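**Student:** mind looking at a prediction? Sequence and model below.
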Amino acid sequence: MKRLRAFVPLLILVALGVAAFASGLLDRFDPVRLAREHAHWRGVIAEHPWLAALAQIGAMAAAVATGLPGAIVLVFAGGMLFGAAVGTVLSTTGTVLGASILFFASRSAFDHGEGTEPELAAKLRAGYRAHPLSYTLFLRLVPLFPFGAVTVALAWLRCPLWLFLGASVFGAAVMNALQSALGAGLVETLAREGTVSLSLLAHPQVLWPALGTALLALAPVALGWLRRPR
């Protein structure tokens, strides 16, 4: 019973994320729809800049904390409405805040485990403890791994808090910079061409963050190679 109670906060967060996704809440942030209403929302932001900024941070925090599928559209929305730079800062702040909530809820659940853990779990944790920095950066920087799933995995692996926060800030900033740039570039492309085309990928605000992200994703591999015994 004690172990079941430890999982309650995590289960509540996941249930909220599933409910929000099933309700179609993210449809309101469809990029094409936001592009059509761009002038209106920019006016709202100009009238209430601090409230709008807090709303973006809060929305991102709630989405990440609950593991809401498709939360990437919120990052796109931040780039479209606030611009690439400000959108990155706001979305990253909300991402790290939400990830911290999910991390503590997950760690509370996993820390109440009793008895001897399976051999495979022990080996995975031992491997992680041998190279925590390399593993953490790898998990955070590879775009194929969902941010929420990585957060739960790091809590299960007993990642140190300082390393979790540092990797989360760095990883979220890198990924959100690319996605915010995509959102900002989408607005400019629609305004100029009236439609979305592959020319968006050649936009400087999109191209350079994409190249930077590709290089950073290789950093954990390079770090592991440098640490390999000669």
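**Tutor:** Sure, I can see it. Numbering: from 1, shown residues only.
**Student:** only C-alpha atoms from now on, for both contacts and neighbour counts.
**Tutor:** Noted.
**Student:** so where's the chain shaky on pLDDT?
**Tutor:** 1-4, 112-118, 120, 143, 189-230 (pLDDT under 70).
**Student:** show me where it has its helices.
**Tutor:** With DSSP state H applied, the chain shows helices at 2-6, 8-22, 31-36, 38-47, 49-65, 72-82, 84-110, 119-130, 132-141, 147-156, 161-193, 204-217, 219-227, listed in chain order.
**Student:** out of those helices, which is the most enclosed?
**Tutor:** Ranked by mean neighbour count under mean count of other C-alpha atoms under 10 Å, these are led by helix 72-82, which reaches a mean of 26.
**Student:** return that one as CSV; C-alpha atoms alone will do.
**Tutor:** As requested, the backbone C-alpha atoms of helix 72-82 are provided in CSV (Å, rounded to 0.1, in the frame of the first residue of the first chain):
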residue,chain,number,x,y,z
ILE,A,72,5.9,20.6,-29.3
VAL,A,73,3.1,22.8,-30.8
LEU,A,74,3.3,25.0,-27.7
VAL,A,75,7.0,25.7,-28.5
PHE,A,76,6.1,26.5,-32.1
ALA,A,77,3.4,28.8,-30.7
GLY,A,78,6.0,30.6,-28.5
GLY,A,79,8.2,31.2,-31.5
MET,A,80,5.4,32.4,-33.7
LEU,A,81,4.0,34.8,-31.1
PHE,A,82,7.1,36.0,-29.2
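**Student:** other SSEs contacting that helix?
**Tutor:** Contact partners of helix 72-82 among helices and strands, from 3 or more C-alpha pairs under 8 Å, 6 or more residues apart in numbering; DSSP states H and E: helix 31-36, helix 38-47, helix 49-65, helix 84-110, helix 161-193.
**Student:** what's the first one packed up against?
**Tutor:** For helix 31-36, the contact count by 3+ C-alpha pairs under 8 Å, 6+ apart identifies helix 72-82, helix 161-193 as packing neighbours.
**Student:** mind running it again at 10 Å?
**Tutor:** With contacts defined as 3 or more C-alpha pairs under 10 Å, 6 or more residues apart in numbering; DSSP states H and E, the secondary structure elements packing on helix 31-36 are helix 38-47, helix 72-82, helix 161-193.
**Student:** what angle separates the second one from helix 161-193?
**Tutor:** So the one you mean is helix 72-82. Counting by axes from the mean of the first three to the mean of the last three C-alpha atoms, to 10 degrees, helix 72-82 points 60 degrees away from the direction of helix 161-193.
**Student:** quick one, helix 72-82 and helix 84-110 angle?
**Tutor:** Angle, helix 72-82 to helix 84-110, by the same axes, to 10 degrees: 150 degrees.
**Student:** quick one: helix 72-82 to helix 49-65, angle?
**Tutor:** Per the same axes, to 10 degrees, the angle that helix 72-82 makes with helix 49-65 is 170 degrees.
**Student:** which residue is nearest the centroid of the protein?
**Tutor:** Ranked by distance to the mean C-alpha position of the chain (C-alpha atoms, centre = their mean), the top residue is F147 at 4.7 Å.
**Student:** ok, now which ones touch the residue lying closest to V89 once chain neighbours are set aside?
**Tutor:** Distances taken as C-alpha to C-alpha, 6 or more residues apart in numbering put A173 closest to V89, at 7.5 Å, once the chain neighbours are dropped. With C-alpha atoms under 10 Å, 6 or more residues apart in numbering as the criterion, the residues that contact A173 are T88, V89, L90, S91, T92, T93, T95, V96, A167, Q179.
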